[in-house]
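Enquirer: I'd like to go over a predicted model; first the sequence, then the structure.
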Amino acid sequence: MTQFRPHLAAALVMAATVGGAQAPRRAIPIAAAIVRRALGEPVMVAGRATAGTGELQATAFDITIQDGSAGIRVFSRSVQADVHEGDSLVVVGVVKSYRGDLELVASQLDVVPAQRRIIEPAELSIDRSILATYAGSLVRVRGRVAGYGTSEGGQWLRLRGMKASTTGTATIWVPGNHGAPVDLSRLRYEDSVVVTGVMTRYQDNVDDPVVFQVVPRTREDVRAPEVPRGLPSWAFWVGLAAAAGLSASLALGRWTARLQLGALRETETRYRQLLHLSPDAVIVHADGMIRFANPAAATVLGVASEQELSGKMLFEYVEPGLRPRLSAASTEETETPAPRLRGQLRSSSGALIDVEVTVSPCVYLDHPAHVLLARDITQQLRYERDLHSLALVDDLTGLANRRGFTLFGEQERVRARRDHRTPVVVFADIDGLKQVNDEHGHAAGDAAIQLVASALKSVLRESDIVARWGGDEFVALIGEGGETVAELIDTRLQSAITALRPTGLTFPVSASVGISALDPTLPLAEALDKADAELYRKKRRNSGSTRRLDAPS
């Protein structure tokens, strides 16, 4: 870096008022101005421009300056100056923070008549701790393309270190209002890239991690070495042996290679776009570590960007129940399509996400890896549960319906046969429901049905299966018991109906009960028929009519 020269700063004296306060009369190092930013007072700094007018932004005055101590962006909506790289500047303003980046909001700026001196960029390795110390300075980084994307704000490129073992990354950022036509989409995966630009910090929200970004100034700041086109030495000597015959074919071969390379670049660009826009999470992992993730993966796992997932262990985000199945799927070598597995991932906030995943082998950066595709099926499972509930539950009472009772009852019959138990089937019928409907309306009939359903459920155990069989009929399956429980259930049911009877009900409600032991070696339907027959025998004994309870006064 160019060294800060106190004698030059001392000679540059400004007498002005800035925001109601007297402007400083002597320049201080940029690093000292940054330290004093908490005071909110105007400062004067002197340095060399490392980015000129219109390079970082085409719609605002946004440049960068640097001295021997540090660098900083200079932003202003009032200053109008034609600044070129290498100009000597004196700036007065207040150091502020905008979305994590430090800026000197300038109120005055003078270009000092002096020979332009270009500051050489600092050569940095891709290491977060190193990048952090060069915020605001001109830097140069080298790496291989590990990811590319676009957003409403601009284009980004993710670089990893030149060695395959490197896990750190650096972000190259070209905002949408950039002053130069820098097109990052021309680069492809694994291209070796050298980027020169201004190191900036970005933090969208106070709780978000700080992202260090290199903003190139011109198209020339992003360089990708061309694919070597020279022939190896042995081919050169072979070429000399038949130069006349091979020259045309070599030219044709180079032309064909260029066409193929262009097609490959176009194909890779399309794949990058597909991955970026895919609604499914795409995660490439090797040896348990995440090597690549698309934006959908960041959304599903609740992180700010897909770059945050790089280098993390995959199982940090996988629930224990899914881990062994993923491991087994990753070790299988088969040509058949990868099976779909259902399980749960855990987001960075701890929330569980229901997913359907597939795992397939792939090659990533010339190394064996696996690609995991995950689809959030939370809404789908909720829809499936709703459909299941609609198919097996009675809307009016919330009890199981006929289909639900048949399904659960048959499962209980199989368990009873295995455990040598004798379950009991209970059949209940509301007395005189048709008369209630005729005299008081169907809303009153529905109220009677709901009352008996609540009463029946209250006198049976949670483990018993209770259902509305249809109309005014109810059925229940008790795990075990004898026919002596019939009178007990009957008595308790009538008491429960009285106790649960809502205030204002102006008609009597009662129910008759029939019961039958279930032979678990016979079909469930036979036990139901026996209980139904017992119910009607009991009704005939009760004067062949529906039971009447005194209506409340």
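Expert: Okay, I see it. Numbering: from 1, shown residues only.
Enquirer: just the helices in this structure please.
Expert: Taking DSSP state H, the helices of the chain run over residues 6-11, 30-35, 128-132, 233-241, 243-277, 295-301, 323-331, 378-392, 402-419, 433-440, 442-459, 485-500, 524-541.
Enquirer: and residue 444, how far from residue 394?
Expert: Separation of residue 444 from residue 394 (Cβ to Cβ, to the nearest Å) stands at 18 Å. The C-beta positions use only the backbone N, C-alpha and C, and glycine is treated the same way.
Enquirer: kindly report the same for residue 214.
Expert: Taking Cβ to Cβ, one finds residue 214 at 65 Å from residue 394.
Enquirer: what's the answer for residue 350, then?
Expert: Relative to residue 394, and taking Cβ to Cβ, residue 350 is found at 37 Å.
Enquirer: so between these two, which is more surrounded?
Expert: residue 394 (20 against 7; other Cβ atoms under 10 Å).
Enquirer: was I right to think residue 425 contacts residue 475?
Expert: Yes - counting by Cβ atoms under 8 Å, residue 475 is a contact partner of residue 425 at 6.9 Å.
Enquirer: could you name every residue contacting both of those two?
Expert: 528, 531 (Cβ atoms under 8 Å, 6 or more residues apart in numbering).
Enquirer: more neighbours, those two?
Expert: Using other Cβ under 10 Å as the criterion, residue 425 and residue 475 rank with residue 475 on top: 27 against 24.
Enquirer: state the pLDDT value of the more buried one.
Expert: Note on residue 475: pLDDT of 91.
Enquirer: check contacts around the closest residue to it other than its chain neighbours.
Expert: Distance criterion Cβ to Cβ, 6 or more residues apart in numbering; nearest residue to residue 475, sequence neighbours excluded, is residue 469 at 4.5 Å. By Cβ under 8 Å, 6+ apart, residue 469 lies in contact with 402, 405, 427, 475.
Enquirer: reformat these as JSON lines; add distance to residue 208.
Expert: Formatted as JSON lines, those follow (distance: Cβ to Cβ, whole Å):
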{"residue": "402", "distance to residue 208": "55"}
{"residue": "405", "distance to residue 208": "54"}
{"residue": "427", "distance to residue 208": "64"}
{"residue": "475", "distance to residue 208": "58"}
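Enquirer: which of those count as buried?
Expert: For the contacts of residue 469, a burial check counting by 16 or more other Cβ atoms under 10 Å picks out 405, 427, 475.
Enquirer: beta partners for the second one?
Expert: Residue 427 has the following beta-bridge partners by DSSP bridges: residue 475, residue 514.
Enquirer: that one and residue 474 touch, don't they?
Expert: Yes - using Cβ under 8 Å, residue 427 makes contact with residue 474 at a distance of 7.5 Å.
Enquirer: and stretch 497-517, what's its mean pLDDT?
Expert: 86.
Enquirer: pull that stretch out as CSV, backbone CA atoms only.
Expert: Extracted in CSV, the C-alpha atoms of stretch 497-517 (Å, rounded to 0.1, in the frame of the first residue of the first chain):
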residue,chain,number,x,y,z
ILE,A,497,-77.0,-38.6,29.2
THR,A,498,-78.7,-36.9,32.1
ALA,A,499,-75.5,-35.4,33.4
LEU,A,500,-74.3,-34.1,30.0
ARG,A,501,-77.7,-32.9,28.9
PRO,A,502,-77.3,-29.2,27.8
THR,A,503,-79.4,-26.5,29.4
GLY,A,504,-82.4,-25.6,27.4
LEU,A,505,-83.0,-29.0,25.7
THR,A,506,-86.8,-29.3,25.7
PHE,A,507,-87.2,-32.9,24.8
PRO,A,508,-86.2,-36.2,26.4
VAL,A,509,-83.2,-38.2,25.2
SER,A,510,-82.5,-41.9,26.0
ALA,A,511,-80.8,-44.9,24.4
SER,A,512,-81.2,-48.6,24.4
VAL,A,513,-78.1,-50.9,24.6
GLY,A,514,-77.4,-54.4,23.3
ILE,A,515,-74.3,-56.4,23.9
SER,A,516,-72.6,-59.5,22.6
ALA,A,517,-69.3,-61.3,23.2
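Enquirer: that one: how far from the chain's middle?
Expert: 53 Å (Cα atoms, centre = their mean, to the nearest Å).
Enquirer: repeat that for stretch 462-470.
Expert: 42 Å.
Enquirer: which residues are contacting stretch 295-308?
Expert: Identification of contacts with stretch 295-308 by Cβ under 8 Å, 6+ apart yields 147, 149, 158, 169, 171, 204, 208-209, 211, 276, 278-283, 293-294, 309, 317, 345, 347-349, 351, 353, 355, 374, 376.
Enquirer: give me the buried entries from the residues you listed.
Expert: Buried among the contacts of stretch 295-308 (16+ other Cβ under 10 Å): 147, 149, 158, 169, 171, 211, 276, 280-283, 293-294, 309, 317, 345, 353, 355, 374, 376.
Enquirer: now do residue 297: how many residues are near it, please.
Expert: 25.
Enquirer: report the contact partners of the nearest residue to it once chain neighbours are set aside.
Expert: By the measure of Cβ to Cβ, 6+ apart, the closest residue to residue 297 outside its immediate chain neighbours is residue 281, 3.8 Å from it. By Cβ under 8 Å, 6+ apart, the contact set of residue 281 is 293-294, 296-297, 299-301, 355, 372-376.
Enquirer: possible to save the residues you listed as JSON lines with distance to residue 139 and pLDDT?
Expert: As requested, these are exported to JSON lines (distance: Cβ to Cβ, whole Å; pLDDT from 0 to 100):
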{"residue": "293", "distance to residue 139": "26", "pLDDT": "90"}
{"residue": "294", "distance to residue 139": "28", "pLDDT": "90"}
{"residue": "296", "distance to residue 139": "32", "pLDDT": "90"}
{"residue": "297", "distance to residue 139": "29", "pLDDT": "92"}
{"residue": "299", "distance to residue 139": "31", "pLDDT": "91"}
{"residue": "300", "distance to residue 139": "34", "pLDDT": "92"}
{"residue": "301", "distance to residue 139": "31", "pLDDT": "93"}
{"residue": "355", "distance to residue 139": "40", "pLDDT": "92"}
{"residue": "372", "distance to residue 139": "35", "pLDDT": "91"}
{"residue": "373", "distance to residue 139": "37", "pLDDT": "91"}
{"residue": "374", "distance to residue 139": "36", "pLDDT": "91"}
{"residue": "375", "distance to residue 139": "40", "pLDDT": "89"}
{"residue": "376", "distance to residue 139": "39", "pLDDT": "90"}
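Enquirer: and those residues as JSON lines, adding distance to residue 385?
Expert: Putting these into JSON lines (distance: Cβ to Cβ, whole Å) gives the following:
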{"residue": "293", "distance to residue 385": "30"}
{"residue": "294", "distance to residue 385": "29"}
{"residue": "296", "distance to residue 385": "24"}
{"residue": "297", "distance to residue 385": "26"}
{"residue": "299", "distance to residue 385": "24"}
{"residue": "300", "distance to residue 385": "21"}
{"residue": "301", "distance to residue 385": "24"}
{"residue": "355", "distance to residue 385": "16"}
{"residue": "372", "distance to residue 385": "26"}
{"residue": "373", "distance to residue 385": "24"}
{"residue": "374", "distance to residue 385": "20"}
{"residue": "375", "distance to residue 385": "18"}
{"residue": "376", "distance to residue 385": "16"}
